[in-house]
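Enquirer: generate coordinates for the sequence data below:
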Amino acid sequence: MSFRLVVLVSGSGTNLQALLDATTSEAFGARVVAVGADRDGIEGLARAERAGVPTFVVRVGDHAGRDEWDEALAARIAEHRPDLVVSAGFMKILGHRVLGAFPVVNTHPALLPSFPGAHAVRDALAYGVRVTGCTVHLVDSGVDTGPVIAQQAVDVADDDDEESLHERIKTVERGLLVEVVGRMARDGWTVTGREVRLGRQKASREGSRTGGLDGKESQRQGRTTK
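Expert: Numbering: from 1, shown residues only. Okay, the predicted model is just below:
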């Protein structure tokens, strides 16, 4: 299992736990080599420590500004040589130093591009939709604007409130994240414009193993970006 994951958390780490559980099987094809956070004393770090996974904390308040924090975070991530960074409930916007150095995957509790932002479930209920869901996407410099990798729908029940709907979405989200990250590790991925495809067929015919989501043609672990 040479494919290396660094997972970033800010809270309880339920998505992290789903990945830790999945990586106990060699068939998954990846392992979590470190867990990073933007604060101390959270359950996500405790989950990593119980699993024997190294942890690190990079607090925004310990740096002169967000650029300096982003640079420090990129340096700490780089120590663990990840093939993929997973933002698993990480409540900070990543800057260009992290995004320029590593491919990053995130989850969102809505069917993007509908209802981006921090209150997606509340916004979906307020709008009156009958179907919402979750999205796994690559992270770019915007807020929930990166290319979509996979989505799964969740029906809205008549008696749903924000808490009940969000709990059902999170259950689906954990499974979808594990499925997507496993496939990325085992099969690679390609990106052309905003289209993400899992698998190595196209990647095997193109490019060298360099680059990030910067608009240039590049490939990393079977990923091609144009």
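
Enquirer: low-confidence ranges, the chain, go.
Expert: 1, 201-226 (pLDDT under 70).

Enquirer: render the CA-only coordinates of the helix or strand hosting residue 5 in PDB, please.
Expert: Element membership of residue 5, judged by DSSP states H and E, is strand 3-9. C-alpha atoms of strand 3-9 as PDB (Å, rounded to 0.1, in the frame of the first residue of the first chain):
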ATOM      1  CA  PHE A   3      -0.400   5.300  -1.800                       C
ATOM      2  CA  ARG A   4      -0.100   7.800   1.000                       C
ATOM      3  CA  LEU A   5      -2.900   9.900   2.500                       C
ATOM      4  CA  VAL A   6      -2.700  12.900   4.800                       C
ATOM      5  CA  VAL A   7      -6.100  13.700   6.300                       C
ATOM      6  CA  LEU A   8      -7.000  17.200   7.700                       C
ATOM      7  CA  VAL A   9      -9.600  17.500  10.500                       C
END
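
Enquirer: next SSE after it?
Expert: Going down the chain from strand 3-9, the next helix or strand is helix 14-22, by DSSP H and E.

Enquirer: what is the helix or strand following that next one packed up against?
Expert: Going down the chain from helix 14-22, the next helix or strand is strand 30-37, by DSSP H and E. If you count contacts as 3 or more C-beta pairs under 8 Å, 6 or more residues apart in numbering; DSSP states H and E, strand 30-37 packs onto strand 3-9, helix 14-22, helix 43-50, strand 55-57, helix 66-78, helix 162-187. Bear in mind the C-beta positions are built from the backbone N, C-alpha and C, glycine included.
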